[in-house]
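# Build me a structure from this.
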Amino acid sequence: MKTRRKTLILGIGNSLLQDEGAGVHAIRMLAEQTALRDDIELMDGGTLSFSLAGAIEDAERLIVIDAAQYDGEPGTTKVFVGEQMDTFIGSNRKCSVHEVSLIDLMAIALLAGQLPQQRALIGIQPQTIAWGDTPTPHVSAAIRLACDQAMQLVAEWHA
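Predicted coordinates:
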């Protein structure tokens, strides 16, 4: 069995669709902030694929940042921790264009006995998913907040 000690922060989204790329933009923003940390791995998960299952299984802790539909005001964030994350992505089929694949990835890790015990989804309510390579101003501000929330989770989990 591999030693699992890192926190994987996985940003998902399509960066060609304005606010849908929020997770990917968050990973880019976190890159400088975490450059000297060997306990955090950042990963641009794009629009997800089954190839990410191994990275999730290898992580001790998992934070996913993604655009998520939860009927909030555009640019607000919501943090779903542990079973709240599982319930949200399992019951809200419209939470993201990726949620089916995210559910599949989590199920693979669970079946392998490697689902990270500490896990969270930081959802950012999009304003639009129209074509464009930059998020709307509300979501840009929320990306900064999501990065802060991710680092707060890391600090709590590593304490």
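
# show me where this protein has helices.
22-33, 53-58, 83-91, 99-111, 137-158 (DSSP state H).

# which strands and helices sit next to the second one?
In terms of contacts (3 or more Cβ pairs under 8 Å, 6 or more residues apart in numbering; DSSP states H and E), helix 53-58 is packed against strand 7-12, helix 99-111. In short, each C-beta sits where N, CA and C put it, glycine included.

# can you list the residues that contact the lowest-mean-pLDDT helix or strand in the chain?
In the chain, no helix or strand scores lower on mean pLDDT, DSSP states H and E than helix 99-111, which sits at a mean of 80. Helix 99-111 is contacted from outside by 12, 47-50, 52-53, 56-57, 64, 66, 86, 89-90, 92-93, 96, 115-116, using Cβ atoms under 8 Å, 6 or more residues apart in numbering.

# Filter those down to the buried ones, PyMOL style.
Here is the PyMOL command that selects the buried residues among these (16 or more other Cβ atoms under 10 Å):
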select buried, resi 12+47+48+52+53+56+57+64+66+86+89+92+96+115+116
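
# if we can go back for a sec, which of the helices of the chain sits closest to Thr128?
With Cβ to Cβ as the measure, helix 137-158 is the member of these nearest Thr128 (8.7 Å).
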